[in-house]
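Novice: sequence and predicted structure are below.
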Amino acid sequence: DTAVSQTPKYLVTQMGNDKSIKCEQNLGHDTMYWYKQDSKKFLKIMFSYNNKELIINETVPNRFSPKSPDKAHLNLHINSLELGDSAVYFCASSQGTESSYNSPLHFGNGTRLTVT
Amino acid sequence: GNSVTQMEGPVTLSEEAFLTINCTYTATGYPSLFWYVQYPGEGLQLLLKATKADDKGSNKGFEATYRKETTSFHLEKGSVQVSDSAVYFCALSANDYKLSFGAGTTVTVRA
């Protein structure tokens, strides 16, 4: 009964390929996020969706495209992968349109992407 | 803009030692403050939180007090265990639809 699950856990691919990471949450939350964590553990938000609508879109290359088919799913598609895309990508969810005191983030266990 | 600065790691301690991780913030208005913990191989999870000045958040023996006068939210634990080895993130939310995280502090507790 995992709350936020993302697949795959590990993804190794070559430069130039296109890949997707899937995320699902069963918490009934209406906001979902993608974060990127680099090798120094620094965490940076990429996107946020509320009820399938994009509400946060940080400065991310347009090779990254999120897709939310419904409010329980937020997938991340990456085109033309580059070496610098290697990182751990975390999906998260919360209730409401803000990461407020009463609605902390719930994270998945991450997808470690390695681009060779 | 909103930002969080936390002490750099890594921090290595012996079991039963006292742990402090410093966190200071810059924000407009009155942010909510959080500590998240990331255990090896896992995602982040909320450790504790505070919403207004002088509030104290506590969980699993960890405490942090919201200090508006010093814009700080330092994390403390009186006696750490090996199982506390993790990366700790200070974060704030200032109603701009996202959390601002600190850079994370890696803590290793040795038996």
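Specialist: Great, that's in hand.

Novice: stretch B:98-109 vs chain A: in contact?
Specialist: Yes - using CB under 8 Å from any CB of the partner chain as the criterion, contacts between stretch B:98-109 and chain A involve B:98-99, B:101, B:103-104, B:106. (Each C-beta comes from the backbone N, C-alpha and C, glycine too.)

Novice: and if you look at stretch B:8-27?
Specialist: No - contact between stretch B:8-27 and chain A is absent, the nearest approach being 8.9 Å (criterion: CB under 8 Å from any CB).

Novice: now do that stretch: distance from first to last residue.
Specialist: End-to-end span of stretch B:8-27 (CA to CA, to the nearest Å): 21 Å.

Novice: mind listing the strands for chain B?
Specialist: In chain B, the strands defined using DSSP state E lie at B:3-6, B:11-14, B:19-21, B:23-26, B:32-38, B:44-50, B:56-59, B:62-65, B:75-77, B:86-93, B:99-101, B:105-110.

Novice: quick one on the thing from earlier: which two from the residues of stretch B:98-109 next to chain A end up farthest apart in space?
Specialist: B:98 and B:106 (23.5 Å; CB to CB).

Novice: okay, those two: which has more neighbours?
Specialist: residue B:98 (20 against 16; other CB atoms under 10 Å in any protein chain shown).

Novice: how much space between that one and residue B:67?
Specialist: 23 Å (CB to CB, to the nearest Å).

Novice: and if you look at residue A:90?
Specialist: Distance from residue A:90 to residue B:67, by CB to CB: 29 Å.

Novice: who's more crowded, the two?
Specialist: Of the pair residue A:90 and residue B:67, residue A:90 is the one with more neighbours under other CB under 10 Å, namely 27 against 16.

Novice: thought residue A:108 was touching the more buried one, still the case?
Specialist: Yes - using CB atoms under 8 Å, residue A:90 is in contact with residue A:108, at 6.0 Å.

Novice: who touches both of those two?
Specialist: A:6, B:43 (CB atoms under 8 Å, 6 or more residues apart in numbering or on different chains).

Novice: around residue B:68, count how many other residues there are.
Specialist: Residue B:68: 11 neighbours (other CB under 10 Å).

Novice: per-residue pLDDT of the nearest residue to it once chain neighbours are set aside, please?
Specialist: Spatial nearest neighbour of residue B:68, chain neighbours left out: residue B:53 (3.8 Å); criterion: CB to CB, 6 or more residues apart in numbering or on different chains. Note for residue B:53: predicted pLDDT of 91.

Novice: residue B:66 is in contact with residue B:53, correct?
Specialist: Yes - between residue B:53 and residue B:66 there is a contact under CB under 8 Å: 5.6 Å.

Novice: and residue A:84, which of the three is it?
Specialist: helix (DSSP: H, G, I helix; E, B strand; the rest coil).

Novice: list the residues that contact it.
Specialist: The contact partners of residue A:84, by CB under 8 Å, 6+ apart, come to residue A:115.

Novice: likewise residue B:109?
Specialist: So residue B:109 contacts B:12-15, B:17, B:80-85 (CB under 8 Å, 6+ apart).

Novice: show me which of those is closest to chain A.
Specialist: residue B:85 (13.8 Å; CB to the nearest CB).

Novice: let me know how buried the closest one is, in neighbour terms.
Specialist: So residue B:85, with other CB under 10 Å, has 16 neighbours.
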